[in-house]
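compute the structure for the input listed below.
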Amino acid sequence: MMQTSFPPRQPLDALTTGLSDLQRQALRRGEAIVSGQAGQYMAQVVIESEPETAWQVLTDFEHLAQFLPNVMATQVLEASAQRTVVEQTNVSQILFAQVQSKVRTENSVIAPGKLSFHLLKGDLNHLQGYWQVLPLATSQVLVKQVVSADADLGFLEGSFHLLFRETLKRTLAAIQTETQARTLLKAA
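Coordinates of the predicted model:
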């Protein structure tokens, strides 16, 4: 498992200064929010959890297909305490077609609670960004993903960005659900 420490706990408002009041309210209600467009996104969700549990979910590469939408399979190709190479097979519905894609990413711990990723090989033109687990002043964490992605789908180009944005929101909701389930299991 990839290991990390975490930054100190902070109030949600201190970590979300660039968001509107409506976006902050949505986060407080536990809703996943996504901002950005044209392949440049920031997705965030607040989860009732300790940071260690959220980190375990984010770095559970071997089991992502069990709880992430669109992920059919994952395979860890290389692993160490600070770096993991993962091949992931995804399936998406684009208009009337079901499209399968494969990506190989390198994932590295780059700072306390921060995991960078970038495309090594695959069906996308570009994929890079980071995940971050930020402990809040309460018994919650803010899970954040900043990502840049692009694919060449010809006349369906706009569909990719719309689909990617919606998938980010569903992915964060699934991470929230899985993290909360693991939190409950630890408490039992």
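
Gln37 touches His161, doesn't it?
Yes. Gln37 is within contact range of His161, at 7.1 Å (criterion: C-beta atoms under 8 Å). Heads up, the C-betas are built off the backbone N, CA and C, glycines and all.

low-confidence ranges, this structure, go.
For the chain, the stretches with pLDDT under 70 are 1, 94-97, 153-158.

center of it, which residue is that?
Gln145 (5.2 Å; C-alpha atoms, centre = their mean).

could you say what helices and strands the top helix by length along the chain packs with?
Ranked by residue count and defined by DSSP state H, the top helix of the chain is helix 157-187. On a contact count with 3 or more C-beta pairs under 8 Å, 6 or more residues apart in numbering; DSSP states H and E, helix 157-187 meets strand 33-37, strand 40-48, helix 51-58, strand 83-94, strand 140-150.

what are the buried residues along that helix?
160-161, 163-165, 167-169, 171-172, 174-176, 178-180, 182-183 (16 or more other C-beta atoms under 10 Å).

check stretch 111-126 too.
113-117, 119, 122, 124.

one more: stretch 27-37?
Of the residues in stretch 27-37, those buried (16+ other C-beta under 10 Å) are 27, 31-34.

now Leu134, what's its secondary structure?
strand (DSSP: H, G, I helix; E, B strand; the rest coil).

for it, grab the count of nearby residues.
25 (other C-beta atoms under 10 Å).

list the contacts for Asp123?
Contacts for Asp123 (C-beta atoms under 8 Å, 6 or more residues apart in numbering) come out as 101-103, 151.

please, a PyMOL command that selects the buried ones among those residues?
Only the buried entries of those go into this PyMOL selection, using 16+ other C-beta under 10 Å:
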select buried, resi 103+151
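
same list (the contacts of Asp123) but as a markdown table, adding secondary structure and distance to Leu68.
Shown next, in a markdown table, are these (DSSP: H, G, I helix; E, B strand; the rest coil; distance: C-beta to C-beta, whole Å):
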| residue | secondary structure | distance to Leu68 |
| --- | --- | --- |
| Ser101 | strand | 14 |
| Lys102 | strand | 15 |
| Val103 | strand | 13 |
| Ala151 | coil | 18 |
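
so Arg104 lies in a helix, does it not?
No. Arg104: not assigned to a helix; according to three-state DSSP it is strand.

surely it and Leu77 touch.
Yes. Using C-beta under 8 Å, Arg104 is in contact with Leu77, at 7.2 Å.

which neighbours do those two share?
85-87.

closest to Leu68 among those residues?
Val86 (12.0 Å; C-beta to C-beta).

distance check, the closest one against Val34.
Distance from Val86 to Val34, counting by C-beta to C-beta, to the nearest Å: 22 Å.

next: Leu22.
In terms of C-beta to C-beta, Leu22 sits 13 Å off from Val34.

helix/strand/coil for Ile110?
strand.

SS state for Pro7?
Pro7 is classified as coil under three-state DSSP.
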